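Predicted model, plus sequence, below.
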Amino acid sequence: SPRTAARATEARSAAPRRRSVAPRTMGGSSSKPEPGGNEEEYQHIDTGDSLKVKQVLDEATVKAVLDKDYEEVHFIDNLKIALMVVACLFACGAQFNPVPFPKVRPVLGFCCSGYFIFSGIHQLVVRFVERDIVFVSKAKGAAKHGIRLRTDFPKFQDLFTVIVEYDAPGATQSLEEKHC
C-alpha cells in the first residue's frame, strides 16, 4: 500500500546514514596503492609498547640503509646461531639419552654444564659484542670500511637515536648523531 511505502521511506531517511570510509594505514593515508606500484604492508602497533616501537623503527632504519645498496655482514648473527645450536645439542643429549637414570648422572651433568656454558657465552656476545647494533655493512666501493648502525630508544621517552659509526677495529667515533 502507498501508506506503508511512505512510512518505510520515512524510516530509512530518519535512520543515521553510514559513510563508507576507506581504512587508514599507519601513515594516515587512505589512498589505495597503485596497481603497478610497490605495495608495502604497514604495521599497526600500540605506541605504548616501547619494545615493539623500537623494533619497527630498527627495521625501518635497516631497510633504509639496505635501499642505499649497502651489503649486510651477518657474522655476529651467525655466531649467535652457532652457539645456540651447540647449546641445543647438549640439551638434546641430556633429554634423549637412552641410558637409565642412576647410571646417566655424569652424562646429564656434562650435558647440562655444556648447555649453560654455551648459553652463557651467547648472552655475553649479546651483552658485550652486539650491544645495541642493528646493522653492520661491508665496505662499499672504494671505502676501506663499512658502517655500523646503533640505535637507542629509552623507555618512556620519545627520542629515537640513530648512531652511525665506521665499522673498523677499535672504531668508536660516531659519524653523526641525529635525534628523530
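Cool, got the structure.

Distance check, residue 92 against residue 163.
Distance, residue 92 to residue 163, using Cβ to Cβ, to the nearest Å: 39 Å. Using the backbone N, CA and C atoms, a C-beta is placed for each residue, glycine as well.

Residue 42 too?
26 Å.

who has more neighbours, these two?
Neighbour count, other Cβ atoms under 10 Å: between residue 42 and residue 163, residue 163 has more, with 17 against 11.

Pull the CA coordinates from stretch 86-98 and hand them back as PDB.
Extracted in PDB, the C-alpha atoms of stretch 86-98 (Å, rounded to 0.1, in the frame of the first residue of the first chain):
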ATOM      1  CA  VAL A  86      75.700 -26.300  20.200                       C
ATOM      2  CA  ALA A  87      73.800 -25.500  23.400                       C
ATOM      3  CA  CYS A  88      70.700 -27.200  22.000                       C
ATOM      4  CA  LEU A  89      72.700 -30.200  21.000                       C
ATOM      5  CA  PHE A  90      73.800 -30.500  24.600                       C
ATOM      6  CA  ALA A  91      70.200 -30.200  25.800                       C
ATOM      7  CA  CYS A  92      69.100 -32.900  23.300                       C
ATOM      8  CA  GLY A  93      71.900 -35.200  24.600                       C
ATOM      9  CA  ALA A  94      70.600 -34.700  28.100                       C
ATOM     10  CA  GLN A  95      66.900 -35.200  27.200                       C
ATOM     11  CA  PHE A  96      67.100 -38.100  24.800                       C
ATOM     12  CA  ASN A  97      69.900 -40.200  26.300                       C
ATOM     13  CA  PRO A  98      68.800 -43.800  26.300                       C
END
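
Give me the next element, helix or strand, following the lengthiest helix in the chain.
Criterion DSSP state H: the longest helix present in the chain is helix 101-124. Next in sequence after helix 101-124, counting helices and strands by DSSP states H and E, comes strand 133-136.

And the residue positioned nearest the centre of the chain, how close does it get to residue 112?
Centroid check for the chain by Cα atoms, centre = their mean gives residue 55 as the closest residue, at 4.3 Å. Distance of residue 55 to residue 112, given as Cβ to Cβ: 32 Å.
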